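K.L.:
based on what follows, work out the 3D shape:
(one chain, ligands or ions: 1)
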Amino acid sequence: MKITGVTAYVLEELLGDKAFGWSQWVTDRRQTALCLISTDEGIEGVGEALSTSGPARIVASIISDSFAPLIMGRDPFDSAVIWDFLYNRSRDQGMKGLPIAALSAIDIALWDIKGKALGLPVYKLMGGAYRNKARVYATGLYEPQHVPSVAEALVAEALGYKKDGFSAMKLKIGYGIDTDMRYVKAVREAIGEDITLMVDANHAYNAAEAVRLAQAMEEYDVYWFEEPVPPEDIDGYLEVKQKSRILITGGECEFTRYGFRELITRRAVDILQPDLCATGGFTEMMKILAMASAWNVAVIPHVWGTSVGLAASLQLFAVLPHFPERRYPAEPFFEYDRSPHPFRDAVTREKFVMRDGYLDIPDRPGLGVTLDMDFVREHATSVKLEKG
Ligand code: CA
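P.N.:
Numbers count the residues shown, from 1 in each chain. Below is the predicted model:
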């Protein structure tokens, strides 16, 4: 089988009055870069690149201008060889960030092709499923704009998730310790004791602040404290982890096995959160998982994006091992972004619906989704490279 075409699609839509704030800025748009790879056998694969901070147009340009010409004519079943080849070609200036997100989208699309060619879901190709459904937690509880009381709006949103059947949800913090404590208290008191509550500071604090906040949050039974300090501050992570009784998590801003090496070997977090669509796709994620299991550091992937990234992340979630294996292992949570996103579910023909707090993991070939080309063509700008 040979790769005959690579198309990168950019989707972007403004959020208008649904813009949402968090510890770093107010997000006023959702955007993503999708990658569609076609082959001489007529099989197509799709992937997505995480695009939270970088313009998706740049990611799409890396896919189509840098990487696409290098993989024309290659066999999708050589995905690991292709990964190392592309990484090496961008290594000098692309060890982290957008080039790796672009590489992730390509790798995910190649695995989709392999699965579709063999008639098997990606999780079968990666060694089989530990589970066929994913217990989800709601990512939301951002700072709504234009509301009279943020705390009241957060409480209403949290109660909505509870009513919808979520057993867990994640609250954005990082606005300053006093404000954070107000939100944590309000949400915890509203949802009661039975719902798991996580918080996420998106690296808003230094270690001393984060320790103070972690200790103050203890009485509200916070399950994990995500990205307390900046991703570069490994020693800060260690300090917070040692002084906090709340689990410390992080990793969505890290890339590749090389980037995760220090987080894992220094045991800087209790739970590692690599993102499939940012850290290098399935090929690289399997290496990160192997390394994490060797150091017995738990992994619960970060998930963010459209239903393409969601479908790919569900395949990964199926193969996520237990940390450690035991008779009654702890079931991981799957991140289910519920924050405003105008085209999250519109890009694929298959839709994902939560039932009783779970998402089913598709057992269809590849990622188990196909792009809704009518929607994509109508809404995306695209850069295409084709070779017969
Ligand atoms: Ca996060």
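K.L.:
only C-alpha atoms from now on, for both contacts and neighbour counts.
P.N.:
Will do.
K.L.:
please list all residues in contact with the most centrally placed residue in the chain.
P.N.:
Residue closest to the average C-alpha location in the chain (Cα atoms, centre = their mean): residue 303, at 2.3 Å. By Cα atoms under 8 Å, 6 or more residues apart in numbering, residue 303 lies in contact with 275, 276, 309, 310, 313, 334, 335, 336, 337.
K.L.:
could you check the distance from the first one over to residue 150?
P.N.:
Distance of residue 275 to residue 150, given as Cα to Cα, to the nearest Å: 29 Å.
K.L.:
and what of the fourth one?
P.N.:
Residue 310 sits 29 Å away from residue 150, taking Cα to Cα as the criterion.
K.L.:
neighbour-wise, which of the two wins?
P.N.:
Neighbour count, other Cα atoms under 10 Å: between residue 310 and residue 150, residue 310 has more, with 25 against 16.
K.L.:
dump the residue contacts of that one.
P.N.:
Here residue 310 is in contact with 303, 304 (criterion: Cα under 8 Å, 6+ apart).
K.L.:
residue 162: what secondary structure?
P.N.:
Here residue 162 is recorded as helix under DSSP: H, G, I helix; E, B strand; the rest coil.
K.L.:
same question for the one 4 residues further on.
P.N.:
For residue 166, the reduced secondary structure class is coil; criterion used: three-state DSSP.
K.L.:
flag the shaky bits of this structure, pLDDT-wise.
P.N.:
Counting by pLDDT under 70, the chain shows low-confidence ranges at 53, 387-388.
K.L.:
okay, now the domains of it?
P.N.:
3-119+373-387, 124-360 (automatic domain parsing).
K.L.:
quick revisit: next step: the contacts of residue 303 restricted to strands.
P.N.:
334, 335, 336, 337 (DSSP state E).
K.L.:
what number of residues lie near the third one?
P.N.:
By that I understand residue 336. For residue 336, the count of nearby residues is 23 (other Cα under 10 Å).
K.L.:
do the same with residue 309
P.N.:
Residue 309, neighbours per other Cα under 10 Å, totals 26.
K.L.:
residues in contact with it?
P.N.:
By Cα under 8 Å, 6+ apart, residue 309 lies in contact with 47, 48, 49, 276, 277, 303.
K.L.:
ranking the residues you listed by neighbours, who comes first?
P.N.:
Within these, residue 49 tops the neighbour count with 35 neighbours, counted by other Cα under 10 Å.
K.L.:
from residue 87, how far off is that residue?
P.N.:
15 Å.
K.L.:
pretty sure residue 195 is touching residue 165, no?
P.N.:
No - the criterion here is Cα atoms under 8 Å, and residue 195 misses it with residue 165 at 10.0 Å.
K.L.:
residue 311 reaches residue 369, doesn't it?
P.N.:
Yes - the pair residue 311 / residue 369 is scored as a contact, 6.9 Å apart, by Cα under 8 Å.
K.L.:
what do those two both touch?
P.N.:
Overlap of the contact sets of residue 311 and residue 369 (by Cα under 8 Å, 6+ apart) is empty.
K.L.:
residue 8 reaches residue 64, doesn't it?
P.N.:
Yes - contact criterion Cα under 8 Å: residue 8 and residue 64 qualify, at 6.2 Å.
K.L.:
shared neighbours, those two?
P.N.:
383, 384.
K.L.:
more crowded one of those two?
P.N.:
Counted by other Cα under 10 Å, residue 8 and residue 64 do not tie: residue 8 has more neighbours, with 32 against 23.
K.L.:
I'd like to know how far the residue nearest to the centre of the chain sits from residue 180.
P.N.:
23 Å.
K.L.:
still on that earlier bit, got the ones in strands among the contacts of residue 303 as TSV, with distance to residue 76 columns?
P.N.:
Output for the ones in strands among the contacts of residue 303, formatted as TSV (distance: Cα to Cα, whole Å):
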residue	distance to residue 76
334	28
335	29
336	29
337	30
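K.L.:
thanks a lot, see you next time.
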